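S.K.: this one's sequence-less:
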């Protein structure tokens with residue numbers, strides 16, 4: 001049986017800038033030997049960045065959505081990225097149309113997870129040009145909170161978005177429950193791995 005795989009990574013400003021060339025396939029050559037450039041045209045977006053580059057897109061969304069930022073340091077987290085996949089056997093078994101539905105459901109799940117909202121997603125791109133199909137979804141970790149004066153604000157804070165012991169376990173559990181309810185026959189990934 002194949003596994004439902006979702007994982008999250010946090011990125012600083014410099015790391016975020018480095019994500020775009022890989023995710024958006026800006027380059028003509030990659031050190032990753034799994035990328036088959038003859039299949040890159042099959043990749044597709046569920047949400048394409050308006051700006052060319054993640055830093056510009058980040059700044060656009062911060063301004064457009066009136067997001068508040070705390071004190072910025074060199075190690076401050078700007079964005080997170082969820083990568084969603086399974087193994088090749090699963091995608092081969094379900095075929096192209098169901099693979100598209102799978103990633104659309106994954107996108108819907110993440111958009112609604114902890115009230116994230118599509119408006120805070122920089123990019124969601126499905127790669128079909130590597131060994132196993134997978135989706136890279138880059139988002140700003142926004143929490144709804146109050147400022148010092150008691151006003152409701154949307155604040156960028158990865159530490160608050162992922163607050164609490166077992167926050168990634170909760171993500172795994174919620175994703176697994178959601179995806180099997182949508183009719184995909186997968187097992188939950190092994191805990192503590």
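M.R.: Received the coordinates, thanks. Remember, it's a predicted structure, so these values are computed and weren't measured experimentally.
S.K.: quick one: distance of stretch 53-69 to the chain centre.
M.R.: Between the centre of stretch 53-69 and the centre of its chain there are 16 Å (C-alpha atoms, centre = their mean, to the nearest Å).
S.K.: pLDDT averaged over that stretch - what is it?
M.R.: The average pLDDT for stretch 53-69 rounds to 94.
S.K.: what comes up buried for it?
M.R.: Neighbour counts over stretch 53-69 (16 or more other C-beta atoms under 10 Å) mark 53, 54, 55, 57, 58, 61, 62, 67 as buried. For the C-beta atoms, the positions are set from N, CA and C on the backbone; glycine is no exception.
S.K.: how about stretch 37-49?
M.R.: 43, 46, 47, 49.
S.K.: and it, end to end?
M.R.: Chord length of stretch 37-49, first to last residue, is 21 Å (C-alpha to C-alpha, to the nearest Å).
S.K.: so the residue located most distally from the centre of the chain is in which element?
M.R.: The outermost residue of the chain relative to its centre, with distances by C-alpha atoms, centre = their mean, is residue 149 at 32.5 Å. Assigned by DSSP states H and E, residue 149 falls within no helix or strand.
S.K.: returning to what we had before: filter the buried residues of stretch 53-69 down to the ones in strands?
M.R.: If you go by DSSP state E, those have nothing in strands.
S.K.: now, the buried residues of stretch 37-49 that are in helices?
M.R.: Using DSSP state H, no member of the buried residues of stretch 37-49 falls within helices.
S.K.: adding pLDDT, write those out as TSV.
M.R.: Shown next, in TSV, are the buried residues of stretch 37-49 (pLDDT from 0 to 100):
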residue	pLDDT
43	94
46	98
47	97
49	96
